[in-house]
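# following is a predicted model, sequence given first.
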Amino acid sequence: MGSLLKKRGWIIGFILAAILFPFVSQNEYFLHILTLAFIWMIAVYGLNLLAGYTGYLSLAHAGFFAIGAYTLGLLTVKAGLNYWIALVLACFLTSAIGAVVGLVALRTREHFFAIYTLCVGYIIYLVIDKWDSLTGGVRGLIGIPAPTSVGPISFQTPLSQYYLILFFLLFTVLVMYRIIHSLTGRTFIAIRNSEDLAQTIGISTMKNKLLVFVISTFFAGLAGALYASFIRFIGPDIGYITIIFDLLTYLLVGGIGTLAGPIVGTFLIVTVSQSLQFLQDYRMLIFGPLLTLLIIFYPRGIVGAYHDWRMKSLAKKKQQLNRKQTYVHTQSTETEKKIKEG
Amino acid sequence: MLELSRVSVDYGGFTAVEQVDITVEEGELVVLLGSNGAGKSTIFNAISGLQKTSSGTILFEETPIQGAAPDKIVQSGIVQCAEDRKLFPQMTVRENLIMGAYIHRRKRKQVNRSLEEVLELFPILHEKRENAAGSLSGGQQQMLAIGRALMSKPKLMLLDEPSIGLAPLIVEQMFEVIQKINQDGTTVLLAEQNAFAALKIANRGYVFESGSIVVQGSSEELLANDTVRRAYIGA
């Protein structure tokens, strides 16, 4: 119970900090960076459920991110559809394509899965890049509208967009929390643990893997669609391989297979890489070795390392408590002996 | 109840199991004896659907099950308790057991009842129910693996070398529990190297050598059989 309260504690802390931030700082640049970070977090959460909890490292997620972004862009710009309808359609189209890809990809495992999805991601990028008549090719899509107002609430200002995207992020975290703490979540973990074992207790692994793949691509699509309407311009490079490795870096630094990992990792890397902007691409000289060290010493990232540290200190406390009790116990028996002897 | 006829399993060009016939009647406790690599686990994996058979038929309650998906086979009432006490180490004992009742996940009440029954059968698991499964000792892990298999309420339980790597005292307890599970109405097919202990509780047995059955008979017959005594009991 205590740990549950503490777990909720950091979530409530994060929500408060995120809600209060605009009141503390009026800097639009920070607001922009944070909003963008929230969008990445949503995509990283999608990736985390698949790669972290189910053990299937998909490298196609930048592609799904781009599918979400382009679906929203095309439906609003070219088809003139209402923003919210386009947003919903973008998410569902991405997961539908995800289902088709998953049906084939999930027959492979481990590094074969990674290689296969890497190829799928690259093909998605190529299709977007070369299909000039639909996607505008390298010129990209310009003039994607901001979210239209819902009743009296309009989303034209950066501040309102910040809150809108924060809302979607909280929705994502809530969904992830519910999944991970349910039997479905444990089913995914069981598959990561050992697929054969999962099968011997009656889990249909293909069905569950497909389910997690579809959920995962849904959130990639959602993040992409939000990105499109936030930046208002998209080019084929949002589906490029570098994006998936960015997402993966956020996930690995924060902690793969942890609930808080995506937030911690994304926030940290985005802010640090912004403050090292003056170094340009030489930033990678700092990030590369740091990432390598982190993976060697803390394979489950910052959050994973924190969990391990807490477990250890708890165990230590328990041990000390036991030692004290036995000490008191031996002392009392000794005095008893003395009394008897005396 | 279970009938394997002329079952063969190939791994690439290598035939791991050749033309094997095994029958298990309802309520029986049947043991498969054989050393490492004799094909016991391959037979189990073939029955539970993890391994495709290359020829032969497997009938369970008169329905052919060879080639069916593993989860469908679990639903039909066969559960395998794999070798090496495979568990979900990060999950608690209770969570592991609940995972075992996966096919009954919609029937909450029944799952809770089976959970109570299993915890009653293994008091040590009751004591450790909130501990991570990875923190248990070898014997406790094996108990948990068997308990988890029981959670699916199987008609037939396949137990793959439950005594492997356990202390003699624990092995004895293990066999007592297996006998009790059998007496409570679950048919058991047991793979073992510990021939003496296994034959003591079994009705019948099959002896495997490099992929085929060399001797079969009732426990008494096998205990009296010279080849079996020499090869597996060491007397």
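Ah, there it is.

# gap between the nearest residue to A:Asp308 once chain neighbours are set aside and chain B?
Closest residue to A:Asp308 in three dimensions, ignoring its sequence neighbours and counting by CB to CB, 6 or more residues apart in numbering or on different chains: A:Arg300, at 7.5 Å. C-beta coordinates here come from the backbone N, C-alpha and C atoms, glycine included. According to CB to the nearest CB, to the nearest Å, A:Arg300 and chain B sit 11 Å apart.

# tell me the pLDDT at A:Lys7?
For A:Lys7, the pLDDT comes out at 61.

# same question, the one 3 residues further on
Per-residue confidence at A:Trp10 stands at 74 (pLDDT).

# give the contact list for the residue nearest the centre of chain B.
Central residue of chain B (CA atoms, centre = their mean): B:Leu159, 1.3 Å from the mean position. Taking CB atoms under 8 Å, 6 or more residues apart in numbering or on different chains, we find B:Leu159 in contact with B:81, B:146, B:149, B:178, B:188-191.

# partner residues bridging it?
B:Cys81, B:Leu190 (DSSP bridges).

# look up how far A:Asn193 lies from the closest residue to chain B within the stretch 51-200 of chain A.
Chain B sits closest to A:Gln199 of the stretch 51-200 of chain A, with a gap of 3.9 Å, by CB to the nearest CB. Plainly put, A:Gln199 is 12 Å away from A:Asn193 if you go by CB to CB, to the nearest Å.

# these two: who's more crowded?
A:Gln199 (23 against 19; other CB atoms under 10 Å in any protein chain shown).

# any idea which helix or strand carries the more buried one?
A:Gln199 belongs to helix A:195-200 when assigned by DSSP states H and E.

# what about that helix, distance to the chain center?
27 Å (CA atoms, centre = their mean, to the nearest Å).

# stretch A:203-214 too?
With CA atoms, centre = their mean as the basis, stretch A:203-214 stands 19 Å off its chain's centre.

# near chain A, which residues of chain B? Just list them.
When proximity is defined as CB under 8 Å from any CB of the partner chain, chain B approaches chain A at B:48-50, B:69-71, B:74-75, B:79-82, B:86, B:88-91, B:95, B:98-100, B:102-103, B:105, B:148-149, B:152.

# just the buried ones from the residues you listed?
Taking 16 or more other CB atoms under 10 Å in any protein chain shown as the criterion, what is buried in those is B:48-50, B:70-71, B:74-75, B:79-82, B:86, B:88, B:91, B:95, B:98-100, B:102-103, B:148-149, B:152.

# can you flag which of those residues belong to strands?
The strands, defined by DSSP state E, take in B:79-81 from those.

# ok, the nearest residue to the residue of the stretch 51-200 of chain A closest to chain B once chain neighbours are set aside to B:Ala133 distance?
Nearest residue to A:Gln199, sequence neighbours excluded (CB to CB, 6+ apart): B:Pro70, at 3.9 Å. B:Pro70 is 21 Å from B:Ala133, where distance means CB to CB.

# and for B:Pro162?
To B:Ala133, B:Pro162 is 16 Å away according to CB to CB.

# follow-up on the earlier one: the residue nearest to A:Gln199 and B:Ser48 touch, don't they?
Yes: look at B:Pro70 against B:Ser48 with CB atoms under 8 Å: they come within range, at 5.9 Å.

# ok, how many other residues are close to residue 29?
Defaulting to chain A. Here the number of neighbours of A:Tyr29 (other CB under 10 Å) works out to 10.

# wrong one, chain B
Neighbour tally, B:Leu29, other CB under 10 Å: 24.

# quick one, strands of chain B?
B:2-11, B:14-24, B:29-33, B:55-60, B:63-64, B:78-81, B:156-160, B:187-192, B:204-209, B:212-218.

# got the residues of chain A near chain B?
Counting by CB under 8 Å from any CB, chain A sits next to chain B at A:183, A:186-187, A:189-190, A:193-194, A:196-197, A:199-205.

# any idea how far A:Gln26 is from chain B?
Taking CB to the nearest CB, one finds A:Gln26 at 45 Å from chain B.

# now the helices: where do they sit in chain B?
Assigned by DSSP state H, the helices in chain B fall at B:40-47, B:70-76, B:93-100, B:108-121, B:123-127, B:138-150, B:168-183, B:195-201, B:219-224, B:226-228.

# export these to JSON lines and tack on distance to A:Gly261 and mean pLDDT?
Formatted as JSON lines, the helices of chain B follow (distance: least, CB to CB, whole Å; pLDDT from 0 to 100):
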{"stretch": "helix B:40-47", "distance to A:Gly261": "36", "mean pLDDT": "90"}
{"stretch": "helix B:70-76", "distance to A:Gly261": "31", "mean pLDDT": "92"}
{"stretch": "helix B:93-100", "distance to A:Gly261": "21", "mean pLDDT": "92"}
{"stretch": "helix B:108-121", "distance to A:Gly261": "31", "mean pLDDT": "91"}
{"stretch": "helix B:123-127", "distance to A:Gly261": "32", "mean pLDDT": "90"}
{"stretch": "helix B:138-150", "distance to A:Gly261": "29", "mean pLDDT": "90"}
{"stretch": "helix B:168-183", "distance to A:Gly261": "39", "mean pLDDT": "90"}
{"stretch": "helix B:195-201", "distance to A:Gly261": "47", "mean pLDDT": "87"}
{"stretch": "helix B:219-224", "distance to A:Gly261": "55", "mean pLDDT": "87"}
{"stretch": "helix B:226-228", "distance to A:Gly261": "56", "mean pLDDT": "81"}
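
# just to revisit the earlier point, which one (most neighbours) among the residues of chain A next to chain B?
Neighbour counts for the residues of chain A next to chain B (other CB under 10 Å) peak at A:Thr200, which has 29 neighbours.

# and the closest residue to that one other than its chain neighbours, what's its pLDDT?
Spatial nearest neighbour of A:Thr200, excluding adjacent residues (CB to CB, 6+ apart): B:Gln80 at 4.6 Å. For B:Gln80, the pLDDT comes out at 91.

# can I assume B:Gln80 is in contact with B:Ala149?
Yes: B:Gln80 lies in contact with B:Ala149 (CB under 8 Å); the separation is 7.3 Å.

# and for the two, which residues touch both?
Common neighbours of B:Gln80 and B:Ala149 (CB under 8 Å, 6+ apart) are B:Met157.

# which residue ranges of chain A form helices?
Secondary structure of chain A (DSSP H): helices located at A:2-24, A:28-47, A:61-77, A:83-105, A:110-130, A:132-135, A:158-180, A:183-193, A:195-200, A:205-231, A:241-254, A:261-275, A:283-297, A:301-341.

# quick one: list the elements packing against the third one.
Judged by 3 or more CB pairs under 8 Å, 6 or more residues apart in numbering or on different chains; DSSP states H and E, helix A:61-77 is in contact with helix A:28-47, helix A:83-105, helix A:110-130, helix A:132-135, strand A:141-142, helix A:205-231, strand A:233-234, helix A:241-254.

# now these in CSV, with mean pLDDT?
Formatted as CSV, these follow (pLDDT from 0 to 100):
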stretch, mean pLDDT
helix A:28-47, 93
helix A:83-105, 95
helix A:110-130, 94
helix A:132-135, 86
strand A:141-142, 88
helix A:205-231, 95
strand A:233-234, 92
helix A:241-254, 91
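
# looking at the ones you listed, which is buried most?
helix A:205-231 (a mean of 25; mean count of other CB atoms under 10 Å in any protein chain shown).

# next, the angle helix A:158-180 makes with that helix.
170 degrees (axes from the mean of the first three to the mean of the last three CA atoms, to 10 degrees).

# who are the packing partners of helix A:205-231?
helix A:28-47, helix A:61-77, helix A:83-105, helix A:158-180, helix A:183-193, helix A:195-200.

# and these: which comes nearest A:Asp308?
helix A:183-193 (17.6 Å; CB to CB).

# just to check, B:Val74 is in contact with B:Lys155?
No: counting by CB under 8 Å, B:Val74 does not reach B:Lys155; the two are 11.0 Å apart.

# burial of residue 181, as a residue count?
All of this refers to chain A. 13.

# chain B, not that one
Neighbours of B:Ile181 using other CB under 10 Å come to 21.

# repeat that for B:Ala46.
By other CB under 10 Å, 25 other residues sit near B:Ala46.
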